[in-house]
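>>> This is a predicted model, with the sequence first.
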Amino acid sequence: MAEPAPSLRIIIADDDYLLREGTARLLSYVAGVDVLETVGTGDALVDAVRRLRPDAVLTDIRMPPGHQMEGIEAAHAIR
């Protein structure tokens, strides 16, 4: 019997709670996708990536505290 394909482990980052949790809920129905955590700030994203070591990150670009480029800055930090 074939071994099942490993799941894609992701973290979702967005300051909008409904968008963040709604996306996580939708992805929970996709076979082979495992949402490890959802976060609302760039700092929380960096922390979650360090702790959980996901395969991918889905992030908003503009998040608190400044609503400027925190998502991009977090992506650079975790890269």
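Here it is on my side, so go on. Given the structure is predicted, the values throughout are model-derived calculations rather than measurements. Numbering: from 1, shown residues only.
>>> my guess is residue 24 meets residue 12, correct?
Yes - taking C-beta atoms under 8 Å as the contact criterion, residue 24 and residue 12 are neighbours in contact, 5.4 Å apart. Quick note: C-beta positions are derived from backbone N, CA and C, even for glycine.
>>> Now do the shared contacts for these two.
When C-beta atoms under 8 Å, 6 or more residues apart in numbering defines a contact, the residues bordering residue 24 and residue 12 alike are 35, 38.
>>> Have a look at these two and say which one is more surrounded.
Neighbour tally, residue 24 and residue 12, criterion other C-beta atoms under 10 Å: the higher count belongs to residue 12, 25 against 19.
>>> element containing that one, please.
When secondary structure is defined using DSSP states H and E, the element that contains residue 12 is strand 8-13.
>>> contacting residues around the very next helix or strand once past that strand?
Using DSSP H and E, the helix or strand that follows strand 8-13 in sequence is helix 17-28. Among residues not part of helix 17-28, those counted as contacts by C-beta under 8 Å, 6+ apart are 10, 12, 13, 14, 33, 35, 38, 39, 40, 58, 60.
>>> which of these sit farthest apart?
Greatest spatial distance among those (C-beta to C-beta): 33 and 40, at 20.4 Å.
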